[in-house]
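Q: next comes the sequence, and after it the predicted model I'd like to discuss.
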Amino acid sequence: MNHFISINQLTNEQILELLENAGKYKTTNHKISSQLFAANLFFEPSTRTKMSFTIAERKLGLEVLNFHAEASSLQKGESLYDTVKTFESIGANVAIIRHESDNWITELEPKINIPIINAGAGKAEHPTQCMLDLLTIYEEFGRFKDLNVVIVGDIKHSRVAKSNAHALKRLGVNVFLSAAPGYEDESLDYPYVSLDEAIQYCDVLMLLRIQHERHEEKLETSSYLTQYGLTKERESKMQQHAIILHPAPINRGVEIDGDLVECSRSRIFKQMTNGVYIRMAILTHVLKEWGIIDENLIKEC
Ligand code: NCD
């Protein structure tokens, strides 16, 4: 049985099935008719991911166990493993985990006997964000094949870029990267392009946050927008149908002009909405995979 750790574990068919199920959850309410507990274990700050998991869980009728790292036994030196094992022992049926380490899963994977969903692993992977991005792109274009998606910004420190690049490529997208000098990532083998080039042919411009908390040296951002960010002038040169994505939180006025966050081609708030439904699909997927529920327990209501 698989934990939901990396987008690379899913086949293209499984990805499309999750997108389809998210669409179903968007249009009709569904609840699981069995008492189940979901533990949201966030060891790094989160607004969207944590809260959209919470809403997804509640919509499905799961009981949500909220955990506050700063008020937990972590402060007494308890390890990640002992914390997760505690939730397993007291009856959690699924654990949603975000942690700053790139590979926290390696320690947990063989020893935790409830499904784990990766809600962000260091700079390595963010599969549920990737799935909500895929849903947003799919809803817009109805396909992936031959779309041009340019991932722009602090690629080096971004788990979102890593999950998305591989999944998009597998689905037939032409993936390009664009980064300020020093923010490229050697592990990603995709063509680098300048933003001025990219805006002319991209169908999707996927902007990333400058992730100051992961930088060794503080980046001076006063000229970042004009040099490497999405200004109004650049936005005006995008193809008419092209859309803007950003996983947020957003540094308004740095990677994107603040006014463009709400512009007509921005799908940033739609991404947030889609996060709820794709997480409902992911939760039911793992609970079914682990034999915790079967399809009959998911009732339309
Ligand atoms: C992202 C994350 O935490 O990796 N945000 C999110 O989950 N919506 C991106 C980021 O922090 O910049």
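A: Sure, I can see it.

Q: switch to C-alpha atoms for all contacts and neighbour counts from now on
A: Fine.

Q: where's the residue most central in space within the chain, which helix or strand?
A: In the chain, the C-alpha nearest the mean C-alpha coordinate belongs to residue 129, at 1.2 Å (CA atoms, centre = their mean). Assigned by DSSP states H and E, residue 129 falls within helix 127-141.

Q: before we move on, what about residue 13?
A: Going by DSSP H and E, residue 13 is part of helix 12-27.

Q: now do that helix: which elements does it pack against?
A: With contacts taken as 3 or more CA pairs under 8 Å, 6 or more residues apart in numbering; DSSP states H and E, helix 12-27 sits against helix 127-141, helix 268-289.

Q: same list (these) but as CSV, adding distance to the ligand and mean pLDDT.
A: Output for the helices and strands packed on helix 12-27, formatted as CSV (distance: least, CA to the nearest ligand atom, whole Å; pLDDT from 0 to 100):
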stretch, distance to the ligand, mean pLDDT
helix 127-141, 6, 98
helix 268-289, 8, 98
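
Q: distance to residue 8 added to the ones you listed, as TSV?
A: What follows is the helices and strands packed on helix 12-27, written out as TSV (distance: least, CA to CA, whole Å):
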stretch	distance to residue 8
helix 127-141	9
helix 268-289	15
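
Q: residue 62: which of these is closest?
A: Comparing these by their distance to residue 62 (CA to CA), the top pick is helix 268-289, with 10.0 Å.

Q: packing partners of the closest one?
A: In terms of contacts (3+ CA pairs under 8 Å, 6+ apart), helix 268-289 is packed against helix 12-27, helix 48-59, helix 127-141, strand 243-245.

Q: now the angle between helix 127-141 and the first one, please.
A: Between the axis of helix 12-27 and that of helix 127-141 there is an angle of 80 degrees, by axes from the mean of the first three to the mean of the last three CA atoms, to 10 degrees.

Q: would you pull up how far helix 12-27 lies from the middle of the chain?
A: 16 Å (CA atoms, centre = their mean, to the nearest Å).

Q: how far does the helix or strand following it sit from the chain's center?
A: Next helix or strand after helix 12-27 toward the C-terminus (DSSP H and E): strand 30-32. Strand 30-32 sits 23 Å away from the centroid of its parent chain (CA atoms, centre = their mean).

Q: parallel or antiparallel, which strands does strand 30-32 pair with?
A: strand 298-300 (antiparallel) (DSSP bridges).

Q: quick one, strands of this protein?
A: Counting by DSSP state E, the chain has strands at residues 30-32, 37-42, 63-66, 94-99, 116-121, 148-152, 174-178, 204-207, 243-245, 298-300.
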